[in-house]
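Trainee: Sharing a model prediction with you, sequence too.
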Amino acid sequence: MKTNKAYLFLLPGAILFLTFSVYPIFKALQMSFFDWSIFGRSSFVGWQNYIKALTDPDFHLAMRNTIYYGLVTVPGQMIIAMIVAVLLDRKLKGRVIYRALYFLPVVTSWVVVSFIFKYLYNQQGLSNYILNDLLHFIPENISWLTNPKTALWAIMILGIWKGIGWTMVIYLGGLAGIPRELYEAAKVDGANVWQQFWRITLPLLRPTITFVLIMLAIGSFNVFISVYIMTQGGPLGQTEVALTYMYRHAFDYLELGYGAAVSYILAIIIFIVSIIQYKFLRVPTEF
Amino acid sequence: MKKLSIFLMLILLFTTISSIAFAGDTVIKFWHTYNMQTEEGKTMNEVVIPAFEKEHPGVKVESLQIPYDEFRKKLLTSIAGGKAPDIVRVDIIWVPEMAKEGLLTNLSQEFGEEFDKYKSKVFPGPLSTNYYNGSYYGIPLDTNTRVMMWNKKLFQAAGINNPPTTFTEFKEVVKKLTKDTDGDGKIDQWGAAIGSLWPWHILPWIWSNGGSVTNSGLTKSTGYLNSPESVGALQLLVDLYKDGYMSETIVGGGEDTGAGYGNDHYGMIFGGPWFWPIIKGQFPEKELDFALYPHGEGAQSVSVVGGENMIIPTTSKHKDIAWEFAKYLLSEDVQVKMAKTGQIPVVSSVVDTKYFKSHPYFGIFMEQLKTANARTVHPQWNRIKEELHKAFEAAILGKMTSQEALDKASNEIDKILKMK
């Protein structure tokens, strides 16, 4: 009797999961082999959508930008978060407040912060006021989001800012698992702070770092909302990423089957990248 | 078991009562994007619809406003899901795409002669945006266009009394009005400010120079988009921007065109009738002066047609009543009522009414509408729009010459036009 009741409790969650997660995943796979119309007149096209995507220079540009975004934001988040985590690992006054402040961007809505940063980046906005009028770092106001050279950087800075807190929290968890005695023993042996970090902290954080790397890489491939709201992929396609490309084809051009194919190509790429990262970095931790 | 049977009885009772209560009225669902905070929305819901319901007892119109940004997606999903409204006020640019997907009632076929009668009452420019594959899939409801707004104060300060009418005059005036007014070495007053690089803002220049995006049959773009006239128009804007006579608004930066006009930073801006309430709202004392778009040599001033059409989804179960409502909205009386809220009418006879002749600014828009063009009336307009934007952006940012950019775009558009 007890196990039957257990299944009953699991049922609502299972139904939601199957309906809104599992079913769409398989449906999208089916759609990717069709010229799909939501109004019912779809036709089978086999691999055509996949071939069209892989040979489209616009898709190549989108992938290039997506990878570029990952190469900058992932190390950016990891390095800054590591510094912050190490600093906030000791008994500082107000430590809890600092940790909360760093984590706050993580829980904000991507939509809301994208709009806010769009105003910050405006040619007449706060960022230019600080950089130009106050600090004189730049000779004149820059329209960050409409200049082809700066647009992607502006979006990447938002991405890094938003993710530092999450990475920091994971590192703090990992740091808590390193026994204090190791540091004390090292101090006795004459090791300085830098050597302690390099020889004790980093190696023992390896599984944590691997985990963070894989998660952040997957997340970076999924960048979408900030680009969609701030630049729509422009200017001159310099901020077009895989998902804005897919979104436009699927919903603006009503090519839903093609969009599904693009999303599967992206999923396969993410899968391969994650496997490579895992195989490369998996080393048993030694004490 | 007893509890269950009582429960079922209650359900039966409820459904019987409710079907009796609603049995009399036919309800048609009307979706639109009217601004409910201003007169246009209020007049529709509080004056026009009740009047229609009074003339048609037993009919109720359920009016639903959906913000523009979500409208197209909501409409498409609702039709796909079988829950579509009966009559919709849509942006004119969505009609060909939806007609191609088989979502819209073919009004020419469905209402035959009566449709033809109403067809001849409306302006041809707006009407053309409903045409697809030999038939009309919608009928205009309201229209608008863009004209030039010239800052008389700045003009007179420079000794110019009239707005430019030709491209040559435009160039001269723009240069004369661009200056550094406070002596800090930076330009803070510009002769002209263009809103963005999307076709809505740029096509009037191309058309006013005698250029076009495609041929009239919508089969070819090369030879039209990259013609000397089209290239010349784009080059005019590129040169003026490059030499610093136009504000950064064209590439997305700078001070908003309306605010810049009000603050006397811009000599000329371009926009639709909604600019009046917007600028007056922020700058109640500022005088607004309108003029037609300047034109190139041997060409005439041609602006872009905007506005909304009425469509009836094929899934509607009340097509006849929906059509009655559409006809009602096209009556002279309703067109004038809505005109008072800022909606430019599409029925040509309205232009001769007293209200129109004495309106502070509708006159210039009606004048510009006489020659206004619709944007390419093709199901793949979204793609064409994207290609045009890419070309204009590449030329303005100096990545390609105007000729190269338009050559590339016209080739792409040739391919797009062939898509079904």
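Mentor: Good, I have the coordinates. Numbering: from 1, shown residues only, chains lettered A, B, ... in the order given.

Trainee: Just give me the neighbour total for the nearest residue to A:Leu256 once chain neighbours are set aside.
Mentor: Distance criterion CB to CB, 6 or more residues apart in numbering or on different chains; nearest residue to A:Leu256, sequence neighbours excluded, is A:Trp36 at 4.4 Å. Every residue, glycine included, has its C-beta placed from N, CA and C. Close neighbours of A:Trp36, defined as other CB atoms under 10 Å in any protein chain shown, add up to 27.

Trainee: Pretty sure A:Trp36 sits against A:Ala261.
Mentor: No: with contacts counted by CB atoms under 8 Å, A:Trp36 stays clear of A:Ala261, the gap being 9.8 Å.

Trainee: overlap in contacts of these two?
Mentor: Common neighbours of A:Trp36 and A:Ala261 are not found (criterion: CB atoms under 8 Å, 6 or more residues apart in numbering or on different chains).

Trainee: coming back round to it: how about the residue nearest to A:Leu256, what does it touch?
Mentor: Residues counted as contacts of A:Trp36 (CB under 8 Å, 6+ apart) are A:42, A:255-257, A:260.

Trainee: Which positions within stretch A:211-229 qualify as buried?
Mentor: Along stretch A:211-229, these residues count as buried under the neighbour rule (16 or more other CB atoms under 10 Å in any protein chain shown): A:212-221, A:223, A:225-229.

Trainee: I should have written stretch A:167-186 there, sorry.
Mentor: If you call a residue buried by 16+ other CB under 10 Å, then stretch A:167-186 has these buried ones: A:167-172, A:174-175, A:178, A:183, A:186.

Trainee: One more: stretch B:278-297?
Mentor: Result for stretch B:278-297 [16+ other CB under 10 Å]: buried residues B:278-279, B:283, B:288, B:290-296.

Trainee: Chain B contacts on chain A?
Mentor: Residues of chain A found near chain B, taking CB under 8 Å from any CB of the partner chain as the criterion, are A:37-39, A:41, A:122-124, A:140, A:143, A:145-146, A:148, A:234-237, A:248, A:251-254.

Trainee: so which of the contacts of A:Trp36 comes closest to B:Pro163?
Mentor: Within the set of the contacts of A:Trp36, A:Glu255 lies nearest B:Pro163; the separation is 44.6 Å, counting by CB to CB.

Trainee: Please report the number of neighbouring residues for the closest one.
Mentor: Using other CB under 10 Å, A:Glu255 is surrounded by 21 other residues.

Trainee: Please, where are all the helices along the stretch 301-420 of chain B?
Mentor: Assigned by DSSP state H, counting those that start in this stretch, the stretch 301-420 of chain B shows helices spanning B:319-329, B:332-339, B:354-357, B:362-369, B:381-396, B:402-418.

Trainee: ok, residues contacting the fourth one?
Mentor: The list of residues contacting helix B:362-369 from outside it, by CB under 8 Å, 6+ apart, reads B:123, B:125, B:143-147, B:272-273, B:290-293, B:301, B:303, B:305, B:339, B:344, B:351, B:356-357.

Trainee: what's the distance between B:Lys119 and chain A?
Mentor: 27 Å (CB to the nearest CB, to the nearest Å).

Trainee: Can you check the pLDDT for that residue?
Mentor: The pLDDT attached to B:Lys119 in the predicted structure is 92.

Trainee: The one 10 residues further on now?
Mentor: The score at B:Thr129 is 94. That number is its pLDDT.

Trainee: Identify the residue spatially nearest to it, adjacent ones excluded.
Mentor: Nearest non-adjacent residue to B:Thr129, counting by CB to CB, 6+ apart: B:Ile92, 3.9 Å away.

Trainee: got a list of what B:Val231 touches?
Mentor: B:211, B:402-403, B:406.

Trainee: ranking the residues you listed by neighbours, who comes first?
Mentor: Using other CB under 10 Å as the neighbour definition, the contacts of B:Val231 reach their maximum at B:Leu406, which records 31 neighbours.

Trainee: Next, count neighbours for B:Ile66.
Mentor: Applying other CB under 10 Å, we find 18 residues neighbouring B:Ile66.

Trainee: Hmm, B:Gln380 is touching B:Lys415, no?
Mentor: No: judged on CB under 8 Å, B:Gln380 makes no contact with B:Lys415 at a distance of 9.8 Å.

Trainee: Figure out the helix or strand that A:Leu175 lives in.
Mentor: Using DSSP states H and E, A:Leu175 falls within helix A:151-176.

Trainee: who does that helix touch, helix- and strand-wise?
Mentor: Using 3 or more CB pairs under 8 Å, 6 or more residues apart in numbering or on different chains; DSSP states H and E as the contact criterion, the neighbours of helix A:151-176 among helices and strands are helix A:57-87, helix A:95-107, helix A:110-120, helix A:206-221, helix A:225-230.

Trainee: Please enumerate the strands of the stretch 1-150 of chain B.
Mentor: For the stretch 1-150 of chain B, the strands identified by DSSP state E, counting those that start in this stretch occupy B:26-32, B:59-65, B:87-91, B:131-132, B:135-136, B:139-145, B:147-150, in order along the chain.

Trainee: possible to save those strands as TSV with mean neighbour count and distance to chain A?
Mentor: Written out in TSV, the entries for these read as follows (neighbours: other CB atoms under 10 Å in any protein chain shown; distance: least, CB to the nearest CB, whole Å):
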stretch	mean neighbour count	distance to chain A
strand B:26-32	20	18
strand B:59-65	16	21
strand B:87-91	23	14
strand B:131-132	19	15
strand B:135-136	20	18
strand B:139-145	26	22
strand B:147-150	24	21
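
Trainee: Save those as a markdown table, and put in distance to A:Trp194 too.
Mentor: Formatted as a markdown table, those follow (distance: least, CB to CB, whole Å):
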| stretch | distance to A:Trp194 |
| --- | --- |
| strand B:26-32 | 65 |
| strand B:59-65 | 63 |
| strand B:87-91 | 62 |
| strand B:131-132 | 71 |
| strand B:135-136 | 77 |
| strand B:139-145 | 67 |
| strand B:147-150 | 64 |
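
Trainee: Stretch B:98-116 and chain A, are they touching?
Mentor: Yes: where contact is defined by CB under 8 Å from any CB, part of stretch B:98-116 touches chain A, namely B:101-103.
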